[in-house]
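Participant: model this:
(one chain, ligands or ions: 2)
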Amino acid sequence: MSKTVTKPLALTMGDPAGVGPQITMAAWQQLRDSPEHSFFVIGAPELYAPHMAVEVISHPDDASDIFRKALPVLALANMPIPALGEPNADTAPAIIAAIETAVSLCLDGQADAIVTNPINKALLYGAGFKHPGHTEFIAALCASESEAPPQPVMLLTGGGLRVALATIHAPLREACDALTTPALVSLGEIVSTAMRQDFGIFDPQIAFTGLNPHAGEGGTIGREEIDIINPAAEQLRAVGINMSDARSADTVFAEALTGRFDAIIAMTHDQGLIPVKTLDFWGGVNSTLGLPIVRTSPDHGTGYDAAAQGNARPDSLIAAIKQARLMTDNRKRTA
Ligand SMILES: NC(=O)c1ccc[n+]([C@@H]2O[C@H](COP(=O)([O-])OP(=O)(O)OC[C@H]3O[C@@H](n4cnc5c(N)ncnc54)[C@H](O)[C@@H]3O)[C@@H](O)[C@H]2O)c1
Ligand SMILES: N[C@H](C(=O)O)[C@H](O)COP(=O)(O)O
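Facilitator: Ligands and ions are numbered 1, 2, ... in the order given. Here you go, the predicted structure:
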């Protein structure tokens, strides 16, 4: 087995008017005695310095040594500091730059994984951001000229469930039309690979949800299951992946909780995210599969109201940091 070197995790600051700064500081307080969870944050030191010990670092390698005594910050220059709860479009370039820097450090092997704090995508569009979210932006940043662009897959974990999405931030009418058999086959392969390399599940049992009520009731309440989803499942089984035909979305999550399925592939954003966020809003983690780097995130958004009230909970960010470390270590072990 090759010797592996542990690098710190790179946190992005997220929207500085949201919960990001508060939950980052609280996560550091809880994890500072846990060297394996060492991280540095890419952001403005002024967001944190009035509240706690901060050390500005010039290189990620400096983070682990000082992690116990101060929050390591890789500083972004010239960023306005917004009032909590009051999003400011002038912060958008720095929010984007933090993500770009984190991805570049991971690709260079200077950080083990990227953990993103929440962003408000609408705020970023004025600054030239062109993606529906981190998921697609990070995939674009990982693209290289020599290889096909990565197909990013959103996976939410929490409440005992692992749920990947066949469509993400698409209007519901368009999401239904976007489902195709080849896309579902490719998705099933990515989820199966990730279960093995990132989660250490070597013979994963995976379920497709149906799109229609009762998974189409034999074609009488819609035909997507018969025409699109089940043919994908059949192709995946033919290459040795344990993939179920489309199962009723109202019961498959309960089936997974019995241990029958290790992961579920849901057809639409809310179909998959409602069960996870309802069961475990505070412990839920969003990760991106299908990339050359590990990326996780809390499952919640910018929470401007919680930020302004000063009562932001760090639980989901802490879960995201721990999951990033676990996925990275599993991936190194299976490399
Ligand atoms: N990973 C991400 O970047 C990410 C994830 C989800 C949503 N978003 C974005 O966040 C913005 C707001 O979305 P939303 O209102 O649907 O969801 P939200 O998760 O921001 O808020 C939902 C509720 O949860 C509360 N909340 C969220 N995080 C909290 C925390 N850490 N502690 C205490 N309370 C918390 C909020 O105050 C609010 O009442 C949108 O622009 C959305 O796109 C970003
Ligand atoms: N769909 C996610 C959720 O609701 O939690 C969220 O918007 C985050 O998306 P990105 O990770 O792509 O920013």
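Participant: What parts of this structure come near ligand 1?
Facilitator: Counting by C-beta under 6 Å from any ligand atom, the residues of the chain close to ligand 1 are 19, 23, 118-121, 134, 286, 297, 300-303, 305-306, 312-313. For every residue, glycine as well, the C-beta is placed using N, CA and C.
Participant: 5 Å instead, please
Facilitator: With C-beta under 5 Å from any ligand atom as the criterion, the chain meets ligand 1 at residues 19, 118-120, 297, 300-303, 305-306, 312-313.
Participant: Pull the most distant pair out of those residues.
Facilitator: The span of these, defined through C-beta to C-beta, is set by S297 and D305 at 19.5 Å.
Participant: More neighbours: which of the two?
Facilitator: S297 (30 against 13; other C-beta atoms under 10 Å).
Participant: tell me the mean pLDDT for the host helix or strand of the more buried one?
Facilitator: Using DSSP states H and E, S297 sits in strand 294-298. Over the span of strand 294-298, the pLDDT mean works out to 98.
Participant: could you dump the helix or strand in which L123 is found to CSV, C-alpha only?
Facilitator: In the assignment (DSSP H and E), L123 maps to helix 121-124. In CSV, the C-alpha atoms belonging to helix 121-124 read as follows (Å, rounded to 0.1, in the frame of the first residue of the first chain):
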residue,chain,number,x,y,z
LYS,A,121,-26.7,31.9,-6.5
ALA,A,122,-28.9,34.8,-7.6
LEU,A,123,-26.5,37.3,-5.9
LEU,A,124,-23.6,35.9,-8.0
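Participant: Identify each buried residue in that helix, please.
Facilitator: Going by neighbour count (16 or more other C-beta atoms under 10 Å), the buried part of helix 121-124 is K121, L123, L124.
Participant: Tell me who's in contact with the second one.
Facilitator: Neighbouring residues of L123 by C-beta atoms under 8 Å, 6 or more residues apart in numbering: D15, P87, A89, T91, A92, I95.
Participant: Closest one of those to ligand 1?
Facilitator: D15 (7.9 Å; C-beta to the nearest ligand atom).
Participant: CA-only coordinates of the strand holding S297 in PDB, if you can.
Facilitator: What follows is strand 294-298, C-alpha atoms only, in PDB (Å, rounded to 0.1, in the frame of the first residue of the first chain):
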ATOM      1  CA  VAL A 294     -14.000  15.400  -3.000                       C
ATOM      2  CA  ARG A 295     -16.500  18.200  -2.300                       C
ATOM      3  CA  THR A 296     -19.000  18.400   0.500                       C
ATOM      4  CA  SER A 297     -21.200  21.100   1.900                       C
ATOM      5  CA  PRO A 298     -23.900  21.600   4.600                       C
END
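Participant: Make 4 the first number, not 1, from now on.
Facilitator: Done: numbering now begins at 4, and the last item shifts to strand 297-301.
Participant: how far out from the middle of the chain is it?
Facilitator: Taking C-alpha atoms, centre = their mean, to the nearest Å, one finds strand 297-301 lying 4 Å from the centre of the chain it belongs to.
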